[in-house]
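Participant: Got a predicted model here, sequence first, then my questions.
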Amino acid sequence: AGIVDESRLPAKPDGVDQAQWVLTCTVAERVGGLQQLPSVLSGGGIEPWRQLLETDSPWSVPLPGGLEGVTSFQKLLVMKIFRPEKLIECISEFIADYLGREFIEQPPLDLNVVFKDATWQTPLIFVLSPGVDPTNQLMALSDAKGIAFQSIALGQGQSPHAVRLIDQGVTEGQWVLLEI
């Protein structure tokens, strides 16, 4: 048995799967301001929801059936029910609405600013996402600062070479980029 007694739920309207209906009824029961959600779905069916269900940007679509006045957080709950694959994007828009876009947009990395915090005892460590490569920026900064730059891709058998480059970097004041 689940945590919700599904036998006590109202009849599920056509076009809504069982998991969505259970979540709809649970949210309606437990979240103020969304009590009418099951009746809105039952009364008008899924057709008034079609735009929300089919758009690439569900956050920008007004909720149908008298739900236009719900809070942004309540709208997030509705997105969780009907567009779970878009929930992360909707959360980002929620944050942007309340705190500002600067809280969801990654500013470009300014290595000149980051460089001021680095010392021989405090190296720069980059944890990168796919498609991001600061190598060219690092090479340009090392040229601008007049600092020698070495790079090595770590792989099988490269550890001794990497250790040698690090030792050389420490003794000669060079930069070493270890790529994993």
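Facilitator: The structure has been received and is ready for your questions.
Participant: can you tell me the helix or strand for the residue most central in space within the chain?
Facilitator: The residue lying closest to the centre of the chain (Cα atoms, centre = their mean) is residue 88, at 5.5 Å. Residue 88 is part of helix 87-99 when elements are defined by DSSP states H and E.
Participant: list the buried ones in that helix?
Facilitator: Of the residues in helix 87-99, 87, 89-90, 93-94 count as buried by neighbour count, 16 or more other Cβ atoms under 10 Å. Quick note: C-beta positions are derived from backbone N, CA and C, even for glycine.
Participant: cool, stretch 170-180 as well?
Facilitator: 175-177.
Participant: for these, which one is nearest residue 133?
Facilitator: When these are ranked by distance to residue 133 (Cβ to Cβ), residue 177 comes first, at 10.3 Å.
Participant: State the distance from the closest one to residue 165.
Facilitator: Here the distance between residue 177 and residue 165 works out to 9 Å (Cβ to Cβ, to the nearest Å).
Participant: Mind listing the shared neighbours of those two?
Facilitator: Residues touching both residue 177 and residue 165 comprise 150, 152, with contact defined as Cβ atoms under 8 Å, 6 or more residues apart in numbering.
Participant: returning to that earlier point: contact partners for the residue nearest to the centre of the chain?
Facilitator: With contacts taken as Cβ under 8 Å, 6+ apart, residue 88 has no neighbouring residues.
Participant: Repeat that for residue 128.
Facilitator: When the contact criterion is Cβ under 8 Å, 6+ apart, the partners of residue 128 are residue 134.
Participant: Make sure it is indeed in a strand.
Facilitator: No. Counting by DSSP: H, G, I helix; E, B strand; the rest coil, residue 128 is not found in a strand; it is coil.
Participant: Would you map the helices across this protein?
Facilitator: Counting by DSSP state H, the chain forms helices over residues 18-30, 37-44, 50-54, 72-82, 87-99, 111-115, 135-145, 159-172, given from the N-terminal end onward.
Participant: Remind me what the fourth one packs against, helices and strands.
Facilitator: With contacts defined as 3 or more Cβ pairs under 8 Å, 6 or more residues apart in numbering; DSSP states H and E, the secondary structure elements packing on helix 72-82 are helix 18-30, helix 87-99.
Participant: Cheers, nothing more for now.
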